[in-house]
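# Here is my input; please provide its structure:
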Amino acid sequence: PINLVKNLPANLKIENLGSAINTKYYEYIPVISPDGKTLWFSRKGDPLNVGNSQRQDIWYSTLQADGTWSK
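Numbers count the residues shown, from 1 in each chain. Now for the predicted structure:
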């Protein structure tokens, strides 16, 4: 089973993670690994998506030693 967070705080904040993650395309549904070092997300509109840019592909990024996310 998936454990969903209950009673999310009302002051939840959206944060830009930098150009490696946040692009001019559409990024959706971020999921972070339990150790906080890998981030998976869906991206639509990127010409690098498999098939065509209108598909939603799953992308991932890893947390670097300097605290930034990989491209």
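# residue ranges with poor pLDDT in this structure?
Across the chain, the ranges flagged by pLDDT under 70 are 1.
# So residue 17, which state does it fall into?
coil (DSSP: H, G, I helix; E, B strand; the rest coil).
# Please verify my assumption that it contacts residue 70.
No. The criterion here is Cβ atoms under 8 Å, and residue 17 misses it with residue 70 at 10.9 Å. Every C-beta, even on glycine, is put in place using the N, C-alpha and C of the backbone.
# Give me the common contacts of those two.
Any residue near both residue 17 and residue 70 by Cβ atoms under 8 Å, 6 or more residues apart in numbering counts here, and that gives residue 61.
# Check the burial of residue 45 by counting its neighbours.
14 (other Cβ atoms under 10 Å).
# so it makes contact with residue 26?
Yes. With contact defined as Cβ under 8 Å, residue 45 counts as touching residue 26 (5.3 Å).
# The helix or strand containing residue 42 pairs with which strands?
Residue 42 belongs to strand 38-44 when assigned by DSSP states H and E. Take DSSP bridges as the rule and strand 38-44 pairs in its sheet with strand 26-32 (antiparallel), strand 56-62 (antiparallel).
# so can I have a markdown table of those showing distance to residue 50 and mean neighbour count?
As requested, the strands paired with strand 38-44 are exported to a markdown table (distance: least, Cβ to Cβ, whole Å; neighbours: other Cβ atoms under 10 Å):
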| stretch | distance to residue 50 | mean neighbour count |
| --- | --- | --- |
| strand 26-32 | 16 | 12 |
| strand 56-62 | 6 | 15 |
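# want to throw the ones you listed into CSV with distance to residue 40?
Listed next are those as CSV, based on distance: least, Cβ to Cβ, whole Å:
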stretch, distance to residue 40
strand 26-32, 5
strand 56-62, 5
